[in-house]
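# Sequence isn't available, so here's the structure alone:
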């Protein structure tokens, strides 16, 4: 049975786009992006999964109940791309970092959603995971045969502590608007902390690449959350 956990789409944290220091060091910095070109991250909703969580598959609940050394969390948030004027987002990377807050196994992202799609993917408030802790819907819609030139969004580093997604503007879909993301995270018994950063390549509409920019959220490079 699916579990219903809504996204916090209304709680947006707007990020200003600053030239990525790693790129501009020693060379001329790219021009500032137009004032109304920005990105935003939605508030992170992290829910601990337990054997009593309504809707969990009984087999999944049994695994969680028997694994006293680890905790399992469902983490979801959104990102928004807002191009303006003659600026367009060519590529963007939403990157997560998971760190243990105590002893035990290091945290990892067991499953990411969406995995790979050739179009913007609208996740609903419902989700369902299998005994492998993979999102059932993500596995059902995954298409490994999508040509690379048509991939709009692709998950990165599933099974690691630095999960993320790469977005690419394609000939069919503009990189604009709200995109929802979710993952299943396994931590040690002490829990973990997490951070989300966003990097974007911006170009002028004529195709001239302006540069790579890193989002700053209230003058901070990342949005943080706790899994405890």
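Perfect, I can see it now. From a predicted model like this one, the values you see are computed outputs, not experimental measurements. Numbering: from 1, shown residues only.

# tell me the contacts of residue 174?
Contact analysis of residue 174 by CB atoms under 8 Å, 6 or more residues apart in numbering lists 83, 88. In short, each C-beta sits where N, CA and C put it, glycine included.

# Test for you: state the pLDDT assigned to it.
Looking at residue 174, its pLDDT reads 93.

# Then residue 80?
pLDDT, residue 80: 95.

# just residue 130 next, same as before
Listed pLDDT for residue 130 reads 89.

# Let me know whether it touches residue 111 as I believe.
No - contact criterion CB atoms under 8 Å: residue 130 and residue 111 do not qualify, at 9.1 Å.

# Which one of those two is surrounded by more residues?
residue 111 (25 against 13; other CB atoms under 10 Å).

# What separation do you get for the more buried one and residue 58?
19 Å (CB to CB, to the nearest Å).

# Now do the buried residues in stretch 96-113.
Buried residues in stretch 96-113, counting neighbours by 16 or more other CB atoms under 10 Å, are found at 96-98, 100, 104, 107-113.

# do stretch 221-228 as well
222-223, 225, 227.

# do stretch 150-165 as well
Buried positions in stretch 150-165, judged by neighbour count with 16+ other CB under 10 Å: 151-156, 158, 161, 163-165.

# Which of those sits closest to residue 11?
Distance to residue 11 across the buried residues of stretch 150-165 (CB to CB) is lowest for residue 165, with 19.8 Å.

# ok, now which ones touch that closest one?
Contacts of residue 165 (CB under 8 Å, 6+ apart): 93-94, 112, 114, 153-156, 181.

# Any regions of this protein where pLDDT drops low?
In the predicted model of the chain, residues 1-2, 4-6, 8-10, 22-29, 53-56, 140, 205-207 satisfy pLDDT under 70.

# what's the closest of the buried residues of stretch 96-113 to residue 83?
residue 96 (23.6 Å).
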